[in-house]
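Participant: This is a predicted model, with the sequence first.
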Amino acid sequence: MDHSRAAMGATATTATSSSASSTFRPLLRRPSVIALTVAVAGAGLGLGFKHVATTMRNNELAQKQNSSNFYVSVDRSGGGI
C-alpha cells in the first residue's frame, strides 16, 4: 500500500505543477500582455489612492466650513511628539 500511495502522490503533484505551468504559458509568450496587465493594475491602484485622498480632503474641507461642529485641525503626518 505504501508504494501505491507514493505513486498516487507523485502523480497528483506532477499533474498540478504541469497544469499550473500550462496556465501561464500563453502569458509568458506575450510579454506585451504582461506589461499591459501591470500598467492597468498600476493605474487602477493609483486612481484608488487618488480617490481616497480626494475624499478625505473634501470631508475635511466640509467639516472646516461648517462652523457648528468646532473643527480642530489634525496633523496626519504620523510623526509623533
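Facilitator: The structure has been received and is ready for your questions. Keep in mind the model is a prediction, meaning the values are calculated, not measured. Numbers count the residues shown, from 1 in each chain.
Participant: which sections of the protein are below the confidence cut-off?
Facilitator: Using pLDDT under 70 as the threshold, the predicted model of the chain has low-confidence ranges 1-18, 20, 75-81.
Participant: And what about Ala43, helix, strand or coil?
Facilitator: Each residue gets one of three states, and Ala43 gets helix by DSSP: H, G, I helix; E, B strand; the rest coil.
Participant: okay, now it: neighbour count?
Facilitator: Under the neighbour criterion other C-beta atoms under 10 Å, Ala43 is assigned a count of 10. To be clear about C-beta, it is placed using only N, CA and C from the backbone, and glycine gets the same treatment.
Participant: what's the neighbour count on Gly48?
Facilitator: The burial metric for Gly48, expressed as a neighbour count using other C-beta under 10 Å, is 10.
Participant: three-state assignment of it?
Facilitator: Of the three states, Gly48 takes helix according to three-state DSSP.
Participant: Break down the protein into its helices, ranges please.
Facilitator: With helices called from DSSP state H, the chain shows them at 2-29, 31-65.
Participant: will you turn these into CSV that also has distance to Val74?
Facilitator: Below are the helices of the chain laid out as CSV (distance: least, C-beta to C-beta, whole Å):
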stretch, distance to Val74
helix 2-29, 46
helix 31-65, 9
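Participant: what's the closest of those helices to Ser73?
Facilitator: Relative to Ser73, the nearest member of these by C-beta to C-beta is helix 31-65, separated by 7.8 Å.
Participant: Tell me which other helices or strands that closest one touches.
Facilitator: For helix 31-65, the elements it packs on are helix 2-29, judged by 3 or more C-beta pairs under 8 Å, 6 or more residues apart in numbering; DSSP states H and E.
Participant: Report the contact partners of Ala62.
Facilitator: The neighbours of Ala62, taking C-beta atoms under 8 Å, 6 or more residues apart in numbering as the test, come to nothing; the list is empty.
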